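# Starting from these lines, generate the structure:
(chains A and B)
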Amino acid sequence: GQNIDQPTEMTATEGAIVQINCTYQTSGFNGLFWYQQHAGEAPTFLSYNVLDGLEEKGRFSSFLSRSKGYSYLLLKELQMKDSASYLCAVRGYQAGTALIFGKGTTLSVSS
Amino acid sequence: EPEVTQTPSHQVTQMGQEVILRCVPISNHLYFYWYRQILGQKVEFLVSFYNNEISEKSEIFDDQFSVERPDGSNFTLKIRSTKLEDSAMYFCASSEMGVGTGDEKLFFGSGTQLSVL
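Presented below is the predicted three-dimensional model:
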């Protein structure tokens, strides 16, 4: 099975940088995903890591260490609209295996 | 941009009644999923579907639940006899490719809020 841990809540101010951590245990591994979910809306894809290292995509970057079972999402130049839940999700290695989500980290950005 | 569409957006039902939640996945996608999210809780996997059969299901997806692809475009989730604890947002999702073929991200619909009274 899979087990995913993330902090429940984080706060930050506009313009700042925030790092949201995720640790996971999974039997088999085939990728780690980060999704953003605004309140009352569907999750939307942010990033995908399958190899160790940093993937950068504009203001958002995601890092993976498979040996440590660890990932983080880095958000730079925070904006008010970044206030949302950030969901870490992993996928097992079996064909057809779905994404399993963590409980998410609720980020509040203030001015 | 293509999107996953779900109907209805809200569904209210009495305990014990059957409900069918409908989804139209993105047209060239081959993998379909149902997730649910109880208010304030995490997004939980229910079932995945590929090539007209269930690929994987969670322990939540018991005999009260079933899925179907009745035609070339729709994907449905049926709950046979709803319980109070089935009240949740139900998300349909689809992906183009399968595991191991790349960043096979899931695209989610906007959800159906199911309220069981």
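# Count the neighbours of residue 29 for me.
Looking at chain A here, since you left the chain open. 17 (other C-beta atoms under 10 Å in any protein chain shown). (Glycine included, C-beta is placed from N, CA and C.)
# Correction: the question concerned chain B.
B:H29: 18 neighbours (other C-beta under 10 Å).
# how many neighbours does the closest residue to it other than its chain neighbours have?
Distance criterion C-beta to C-beta, 6 or more residues apart in numbering or on different chains; nearest residue to B:H29, sequence neighbours excluded, is B:S94 at 3.9 Å. A count of nearby residues for B:S94, using other C-beta under 10 Å, gives 24.
# Okay, and the beta partners of B:S94?
Note on B:S94: beta-bridge partners B:F32, B:F107, judged by DSSP bridges.
# ok, it - contacts?
Applying C-beta atoms under 8 Å, 6 or more residues apart in numbering or on different chains, we find B:S94 in contact with B:V4, B:P25, B:I26, B:H29, B:Y31, B:F32, B:Y33, B:F75, B:L106, B:F107.
# give me the element the nearest residue to B:H10 once chain neighbours are set aside is part of.
Using C-beta to C-beta, 6+ apart and skipping the chain neighbours, the partner closest in space to B:H10 is B:Q113 (4.8 Å). Here B:Q113, judged by DSSP states H and E, is contained in strand B:112-116.
# again with B:C92
Here B:C92, judged by DSSP H and E, is contained in strand B:88-95.
# what's the neighbour count on the nearest residue to A:S108 once chain neighbours are set aside?
The shortest distance from A:S108 to any non-neighbouring residue, by C-beta to C-beta, 6+ apart, is to A:T11 (4.8 Å). For A:T11, the neighbour count with other C-beta under 10 Å is 12.
# and what of the one 3 residues further on?
Here the number of neighbours of A:E14 (other C-beta under 10 Å) works out to 12.
# Just give the closest residue to it, not the sequence neighbours.
Nearest to A:E14 is A:S111, by C-beta to C-beta, 6+ apart, at 5.2 Å.
# Give me the pLDDT for the one you found.
Here, the pLDDT recorded for A:S111 equals 92.
# Low-confidence regions, chain B specifically.
Where chain B drops to pLDDT under 70, the residues are B:98-103.
# closest point of it to chain A, which residue?
At 3.0 Å from chain A, B:S55 is the closest residue in chain B, using C-beta to the nearest C-beta.
# helices and strands of chain A: which one bottoms out on pLDDT?
The helix or strand of chain A with the poorest confidence is strand A:2-5; it has a mean of 88 (mean pLDDT, DSSP states H and E).
# So the closest residue to B:Q64 other than its chain neighbours versus B:D86, what's the distance?
Closest residue to B:Q64 apart from its sequence neighbours, by C-beta to C-beta, 6+ apart: B:R80 at 4.9 Å. Distance, B:R80 to B:D86, by C-beta to C-beta, to the nearest Å: 10 Å.
# Just want to know which of the two has more residues nearby.
More crowded of B:R80 and B:D86, by other C-beta under 10 Å: B:D86, with 20 against 13.
# and the more buried one, how far is that from B:L46?
B:D86 is 11 Å from B:L46, by C-beta to C-beta.
# Please apply the same query to A:L78.
Separation of A:L78 from B:L46 (C-beta to C-beta) stands at 34 Å.
# ditto for B:G111
Counting by C-beta to C-beta, the separation of B:G111 from B:L46 is 13 Å.
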